[in-house]
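Engineer: My questions concern the predicted model and sequence given below.
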Amino acid sequence: MYLDLILVIECTYRQYENEGHIRWANDNLTGGIRRFLEPAPIG
């Protein structure tokens, strides 16, 4: 999740124009946050 956050920040900082790359970075961060917040399976 840390690297995903760095990629999102880099996209803004470096002013990337490739919408596909920006969307990919945002989707990866969103997925990482969701996985982090999921309850751990018991058992």
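Structural biologist: Looks like it arrived, so ask away. The model shown is predicted, which means the values in this text are computed figures rather than measured ones. Numbers count the residues shown, from 1 in each chain.

Engineer: mind listing what the one residue sitting closest to the centre of the chain touches?
Structural biologist: Against the mean C-alpha coordinate of the chain, by CA atoms, centre = their mean, the closest residue is residue 29 at 1.5 Å. Contact partners of residue 29, counting by CB atoms under 8 Å, 6 or more residues apart in numbering, are 1, 4-5, 7-8. Just so you know, the C-beta spots here come from the backbone N, C-alpha and C atoms, and that holds for glycine as well.

Engineer: what about whichever helix in the chain runs longest, distance to the chain center?
Structural biologist: In the chain, taking DSSP state H as the definition, the longest helix is helix 19-37. How far helix 19-37 lies from its chain's middle: 3 Å, per CA atoms, centre = their mean, to the nearest Å.

Engineer: cool, and stretch 12-24?
Structural biologist: 12 Å.

Engineer: per-residue confidence averaged over that stretch?
Structural biologist: Regarding stretch 12-24, the rounded mean pLDDT is 95.

Engineer: Need the CA coordinates for that stretch. CSV is fine.
Structural biologist: Written as CSV, here are the backbone C-alpha positions of stretch 12-24 (Å, rounded to 0.1, in the frame of the first residue of the first chain):
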residue,chain,number,x,y,z
THR,A,12,0.5,14.5,-9.2
TYR,A,13,4.0,15.8,-8.4
ARG,A,14,5.4,15.0,-11.9
GLN,A,15,2.2,16.1,-13.6
TYR,A,16,1.7,12.9,-15.6
GLU,A,17,-0.8,13.3,-18.4
ASN,A,18,-1.4,9.6,-19.2
GLU,A,19,-4.9,9.0,-17.8
GLY,A,20,-4.4,5.3,-17.9
HIS,A,21,-1.4,5.4,-15.7
ILE,A,22,-3.1,7.8,-13.3
ARG,A,23,-6.2,5.6,-13.1
TRP,A,24,-4.0,2.5,-12.6
